[in-house]
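J.: what follows is a predicted protein model with its sequence.
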Amino acid sequence: MERVILLIDMDAFFASVEQQSNPSLRGKPIAVVGAGKRTVVTTSSYEARARGVKTGMNLYEAKQVCPELTVVVGNNHKYTYTCTKLRELYLQYTPDVEIYSVDEAFLDVTTTEHLFGGPLQIGKMIKREIKRRFGINATVGIGPNKLIAKLAADLSKPDGLRWIKKQDVPHVLENLPVEELWGVGKRMAEHLGRLGIRTCGELARTPVGVLRSRFGIVGEHLKRMAQGLDDSPVVADGEETEDVKSIGHSMTLPEDVHRMPEIRAYLLLLCDRVSFRARQYGYKGRTVTLIIRYRSFETFSVRKKLDTPTDDSHRLFRAVCELLDGLRLREPVRLLGVSMGSLQRQSGQLALFPEQDRRRRLLETMDRINLRHGLRSIVWAATLEPKRQPGVISPAWRPEGVHRSL
Amino acid sequence: MKVIISRNELVEKLSGIQSIVDKKSTMPILSHFLLNVGESSLITATDLETAITEPIEISSIDEPGVLCLPARRLYEIVREVDGEVSLVSEDSEWVRIKAGKSSFRIACMNPEDFPKWPEIKDKKAFTLSTEKLREMIDRTLYSAGESDTRYTLNSLLFHIKPQDGILNVVGTDGHRLSLIKTPVQTGFEEEMKLIVPRKSASELRKFLASHEGDVSIDVTQKHVIFNIGEIRFLVRLIEGSYPAYEQVIPLDNQKKLNINREEFLKALKRVSIISREKSYAVKIDVTDSVLTITASHPDVGEASDEVAIEYQGDEISLGFNARYLMDALNYMETERVVFELQEPLTPTLLRETERDDYLSVIMPMRI
C-alpha cells in the first residue's frame, strides 16, 4: 500500500508560544534567546523575520536590522508542555505519531486517512485545531514518505498545506537545489557542486557508482533521496523503548565556555541526566560519546567503550572526562552532548558486597527525591559550578527522552 | 653464543611461554624472552605481572651467553623445521638460526634491557600438593571478575590464616563467590592476603597440568613465587584491599534444602534456554519436597521444570542468574548438594553434602 505521511511543523514555534502566552507581543517582531548571557537569536516571529532578523544573529545585529525588536528569554517548560499537548491532538488521527523534535511531528495516516476524508482534510483539521487551541500557525506537508512530507512542508511554510503525491515527486525534485533536501547540508551541497551536481534531478541521474566512490555508502543514500525514495518508518513514541540504541542529552551552554572546570561541570550535569534516564528505563550502556560544538558551529564527537556497562553518573562522567582530556579544544565550546550506546537491559542482579550496594542505593535515593520533588532537587555539588541554568532546549528535544540513534 | 638445541625441546619450552609473552604490549622487549646459556641454562619470559623461568636442555654448548629473542617468531620458525637447531649470535642484536638446510637471521634485543627478576627478600614459604593447588584454582577462578572496575575482583585471593592452619582461596565477581579451603602448615605469624591476578592464576594453572608432587610457595610483600619442580613462576601481587568476603558468607540461612546435583543442573540448563537473552534470569519456587524452576521471555516463550527436594519449611520464591547456579553446580562433585536460603533478596549458599571445604555464595536477582 502506498504510504501517506504527514509532517506537522510549527511556524516559529518558540516565538509563537511566547506571543500566545503574552498577548502584548502578538503581531510584533520578537526574538527568543536562551537564558543567561546567550545573545544569539534562537528563533524569531514572522514579523521579525520579515524585517530581516535571522536565527543565529546576535542581539546587536538583530537590533540593527529591526530596532523595535522585543527580546524574550525562552521558557523551556512552555514549549515542552505545548509539545505534549500537540501530541495528544495528533493521536486522535493515528496511533503512529513520531515526535521528531519539539516543533515537528510525523504522522503515518496510511491506514486511517479514509476515516477523516483524506490526508488534505486531516491536514486542514489539524491546522485549524492548533490555531484554535494554541493560536499558532502550523505547516503541514504530506507525501508518500517522511522525506517528501518534510520537503512539502519546507516548500510551503509558513502556514502552508501541501500534498506532494507520488506521481508528482520527480517533477517537484527535477529543478530543486540539492540543499533543499532534508539531510543535505551546505558542505555536502558544495561537494556535489564540485561534481557538477546542483539539482536533485541531476543527482538522481548521476550513476550510483560515481556517488559511491566519492561518498561511500552515503552516496547510495543520496541517490535514493534525489529520487524521492525513503522507506524509514514513522516510529511511534513508546515503541522505540523496545529497541533503544542510545540515550543522550545535549545542551547549548548559556555562554560559550573555554575553561575546563566549567566544561567539566556541564558534563557532569549531562552525565547525571543521561544516567538518570538510563536508570529510569532500566538500561546500562557500554559506549560513551562526547559531542562538542565550537563557537563556529563546527561539531564533532569522540567515543570510547567501557569494560562493563554502567548506569552510574560518575562512571559515565569519568569516561567522558577521559575523552575530554584526550582533546585539545581549539575554540570556546557552544554545545556539549553526552550519549550512551550499546545498551543492555539491567538484569536485577543484586550485589554481594554492601559497598557496591551503597552506591546503588545512593543513586536510587537521589532518583526518588528528584522524581518526587522535581528534577535537580538534589544534585552533585560540582554541577553548581555553572551558576546559570542552560538556555533554550535543543530543537531535537523529545517528550520521550530516548533516541534510536545519535 | 653458539649452541645447538633440539627442535622438540625448543618447541615445548616456547609453546609454554607464548601466552605469558605480551604480544600487544607497547614495550617491544616484553614480546621477547631471555635465553641464558651457562652452567645451567634457562629461559625467562614476563609480561611484568607474571614471570616464568625454567631450565632448557642444550644439546651442545660451544660458547655460552645471553640472548633476548622474539618469542613468537622463533616459535613459528622452530615449529616448521626438523632436527637440531643451531643458534649463533653475531652480536647482541642479530642471531643466525640454522636447521637442516634452512637458515635465518633474526633481529634480537639487548638482553640488558630485559626486565630484571625481582630481588626476593624476607620470603616466607609453605607447601601444597600440585593436585590441591590445581583444584583450588579450578574451583574458584570461574567466579572471579573479568574486567571489573574494582580491579581487586579480577583476581583470586589466597588468604593464609596461620592460627587456624588454613588456606582459603576465593574468587568473586561481586555477584557470586566461591571459596575452597585446605589445611596448610606455614609457620607464618600473621594472616596474609595475596591477591593474584586472574591472568596469572590461569597461566599458573597451565604449568600445573603436567606436574606431579609438591609446589613450594614463596611469599614476599610484593610477590608470590610458585616453585613447580624446576619451573619458577613469579606473580606480582595486586595491591589494594580485597572485599571483606567472610562477612557475606551466610552462616545461618534457615531454609536448607537437599537436592540431587545432576538433576538440578540439567533442569537449570533446560529452563535457561528461554531466558538466555535476559541474563539467564530464572525464578525458583521452593515448596515442600519440590523445587520449581521457571523462565519467561516476552519474545521467546516460557519454560518450567521440577526437581524433587528434601525440604520442610516455609515456601520461598526467588530469582537467579541460572548461569551462576550452573557454574557452581558444575564444580561440585558430590551426588547431592545443600542449597541454603533465607530471604528472597539475601545471599544464598550452595555446598556439597559430604564435604565442607568448598562453598559457593550466590546473590539472587530481583525479579
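T.: Received it, and whenever you're ready, just let me know what you need. Predicted model only: the values in this text are computed from it and were never measured.
J.: what packs against the helix ranked longest in chain A?
T.: Counting residues, the longest helix in chain A under DSSP state H turns out to be helix A:260-281. Contact here means 3 or more Cβ pairs under 8 Å, 6 or more residues apart in numbering or on different chains; DSSP states H and E; on that basis helix A:260-281 packs against strand A:246-257, strand A:283-294, helix A:313-325, strand A:333-341, helix A:354-373. For the C-beta atoms, the positions are set from N, CA and C on the backbone; glycine is no exception.
J.: the ones you listed into TSV, with extra columns for mean pLDDT?
T.: Formatted as TSV, these follow (pLDDT from 0 to 100):
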stretch	mean pLDDT
strand A:246-257	84
strand A:283-294	89
helix A:313-325	91
strand A:333-341	90
helix A:354-373	83
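J.: out of those, which is the most enclosed?
T.: Between those, strand A:333-341 has the highest mean count of neighbours, a mean of 22, where neighbours are mean count of other Cβ atoms under 10 Å in any protein chain shown.
J.: remind me what the helix or strand just after that one packs against, helices and strands.
T.: Scanning forward in sequence from strand A:333-341, with DSSP states H and E defining helices and strands, the next element found is strand A:344-345. The criterion is 3+ Cβ pairs under 8 Å, 6+ apart, and the helices and strands that strand A:344-345 contacts are strand A:283-294.
J.: just the CA trace of the strand it packs on, in PDB.
T.: What follows is strand A:283-294 as a C-alpha-only set of coordinates in PDB (Å, rounded to 0.1, in the frame of the first residue of the first chain):
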ATOM      1  CA  TYR A 283      19.300   0.300  30.800                       C
ATOM      2  CA  LYS A 284      23.100   0.200  31.200                       C
ATOM      3  CA  GLY A 285      25.400   1.400  28.400                       C
ATOM      4  CA  ARG A 286      28.900   0.500  27.300                       C
ATOM      5  CA  THR A 287      29.800   3.100  24.600                       C
ATOM      6  CA  VAL A 288      30.200   6.600  25.700                       C
ATOM      7  CA  THR A 289      30.100   9.500  23.200                       C
ATOM      8  CA  LEU A 290      31.100  13.100  23.900                       C
ATOM      9  CA  ILE A 291      29.800  15.700  21.400                       C
ATOM     10  CA  ILE A 292      31.300  19.100  21.200                       C
ATOM     11  CA  ARG A 293      30.200  22.100  19.100                       C
ATOM     12  CA  TYR A 294      32.600  25.000  18.800                       C
END
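J.: where does pLDDT dip in the stretch 1-150 of chain A?
T.: A:35-38 (pLDDT under 70).
J.: residue of it nearest chain B, please.
T.: Checking the stretch 1-150 of chain A residue by residue against chain B with Cβ to the nearest Cβ singles out A:Pro95 as nearest, at 20.0 Å.
J.: circling back to that earlier point, looking at the helices and strands packed on helix A:260-281, which is nearest to A:Gln64?
T.: Each of the helices and strands packed on helix A:260-281 has some distance to A:Gln64 by Cβ to Cβ; the shortest is strand A:246-257, at 21.1 Å.
J.: the residue of the stretch 1-150 of chain A closest to chain B is in contact with A:Thr111, isn't it?
T.: No - under the criterion of Cβ atoms under 8 Å, A:Pro95 is not in contact with A:Thr111, lying 9.5 Å apart.
J.: host element of the nearest residue to A:Asn370 once chain neighbours are set aside?
T.: When the adjacent residues along the chain are set aside, A:Asn370 lies closest to A:Ser377, with 5.4 Å between them (Cβ to Cβ, 6 or more residues apart in numbering or on different chains). With secondary structure defined by DSSP H and E, A:Ser377 is part of neither a helix nor a strand.
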